[in-house]
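>>> Give me coordinates for this.
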Amino acid sequence: MTFRARRPPALLLATLIGLLVSGLAFLAWQHLYPVSAGEGWSYRVYLDEVRLVSALARDTRGDLYVTQEMKAGNGLLFRLGSDGTRQQVVGKLSKPDGLAAWREGVAISQEEGEQPVLWLRDGHTETLFTGRSVEGLASDGQALYAIEDRPGDGRLLRYDALTKQVTVLREGLLEGEGVALCPNGELYYAEKGHRWIKRWRPQGDDQIVLDGLNAPGFIACTEDGLWVAEDATHRARLLLLDKGGVLHTVLSHLRSAQTLLALEPGRFLLAEQGRGRILEITRQAKATR
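Numbering: from 1, shown residues only. Modelled structure (predicted):
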């Protein structure tokens, strides 16, 4: 005969309740834990109550544009005035997830399915090319770079303004999200599915520069180095890989960080989609470069 120890029903119920409470407490901690800044950095809320905020860009006139990443033609692009007023500029977008200052306007990507990449200039939009789940955009003023967020068949693309031709630079990408062009001409891209950032090489054999990341999404390149915003629901970070190869955590405990936009040396805006707001980040006097 086999004997089994049985817990009294009351004890079993108490154990289950304790596990449930602990789980809820952990989820609440992740949700409510405030953003913290790394040494030498500070932040404040720049704009609040922006549902599904995603992409940020400034055009050549200095106007600030913001997208809200709603699906099924409900997404929109608005212009943010210096007094905080919001003016809708483009509507009926499907997950507008990328913006880039391009020529005399801004380029807009749409991530939901096969959609056109648009060019907004002087209040009018035109189609540049069509992609599949296009997310990140970057530009050197002449060419426009785009990356597709696809499950293993995404592409890294370059659109030439003069020839109006699209060149496939890489294919077979796993959840490509971010693309960045550096001042020295180097091109980087992020694959969230592989948790890495790569430097594109014309001859192939692209180099991994960062891996083991927590859902790397948006990336940008400035004189400071390479920036990475993690698109994780909880405990995401804003990272800076400086020119010396040292990785710095600028902000932590973010929720679904999106676009980082440089305003001036030492001052940036960051879209934090998980909390529906835009943060202003400032480097303090002795912050590491």
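>>> Buried residues of stretch 262-282, list them for me.
Residues 262-263, 268-279, 281 are the ones in stretch 262-282 that count as buried (16 or more other Cβ atoms under 10 Å). Any C-beta I mention is one placed from the backbone N, CA and C, and that applies to glycine too.
>>> and Glu148, what are its bridge partners?
With DSSP bridges applied, the residues forming beta bridges to Glu148 are Val134.
>>> Give me the subset of the buried residues of stretch 262-282 that lies in strands.
By the criterion of DSSP state E, membership of the buried residues of stretch 262-282 in strands covers Ala262, Leu263, Phe268, Leu269, Leu270, Ala271, Glu272, Arg277, Ile278, Leu279, Ile281.
>>> right, and the pair among the residues you listed with maximum separation?
Ala262 and Arg277 (18.6 Å; Cβ to Cβ).
>>> Please, where are all the helices along this structure?
Defined through DSSP state H, the helices belonging to the chain, from first to last, are 9-32.
>>> quick one: low-confidence parts of it?
In the predicted model, the chain carries pLDDT under 70 at residues 1-32, 286-289.
>>> swap the cut-off to 80 and go again
Counting by pLDDT under 80, the chain contains low-confidence residues at 1-32, 285-289.
>>> on that earlier part again, take the ones in strands among the buried residues of stretch 262-282 and write them to CSV, including distance to Pro116.
Compiled in CSV, those are given as follows (distance: Cβ to Cβ, whole Å):
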residue, distance to Pro116
Ala262, 27
Leu263, 29
Phe268, 29
Leu269, 26
Leu270, 27
Ala271, 23
Glu272, 28
Arg277, 29
Ile278, 26
Leu279, 31
Ile281, 32
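>>> coming back round to it: now, among the buried residues of stretch 262-282, which is nearest to Thr233?
Using Cβ to Cβ, Gly274 is the member of those that sits closest to Thr233, with 6.2 Å.
>>> got the contact list for the closest one?
When contacts are counted by Cβ atoms under 8 Å, 6 or more residues apart in numbering, Gly274 is found next to Thr233, His234, Ala236, Leu254, Arg255, Ser256, Ala257.
>>> will you turn those into JSON lines that also has distance to Gly176?
Listed next are those as JSON lines, based on distance: Cβ to Cβ, whole Å:
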{"residue": "Thr233", "distance to Gly176": "20"}
{"residue": "His234", "distance to Gly176": "23"}
{"residue": "Ala236", "distance to Gly176": "18"}
{"residue": "Leu254", "distance to Gly176": "21"}
{"residue": "Arg255", "distance to Gly176": "22"}
{"residue": "Ser256", "distance to Gly176": "17"}
{"residue": "Ala257", "distance to Gly176": "17"}
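>>> what bridges to Ile197?
Beta-bridge pairing of Ile197, defined through DSSP bridges, involves Ala190, Leu210.
>>> Now do stretch 146-154: distance from first to last residue.
End-to-end distance of stretch 146-154: 10 Å, with Cα to Cα, to the nearest Å as the criterion.
>>> Repeat that for stretch 251-264.
Terminal residues of stretch 251-264 lie 18 Å apart, using Cα to Cα.
>>> And it, what's buried?
Judged by neighbour count using 16+ other Cβ under 10 Å, the buried positions of stretch 251-264 are Leu251, Ser252, Leu254, Arg255, Ser256, Ala257, Gln258, Thr259, Leu260, Leu261, Ala262, Leu263.
>>> Also stretch 84-103?
Counting neighbours by 16+ other Cβ under 10 Å, one finds that the buried residues in stretch 84-103 are Val89, Val90, Leu93, Ser94, Lys95, Pro96, Asp97, Gly98, Leu99, Ala100, Ala101, Trp102.
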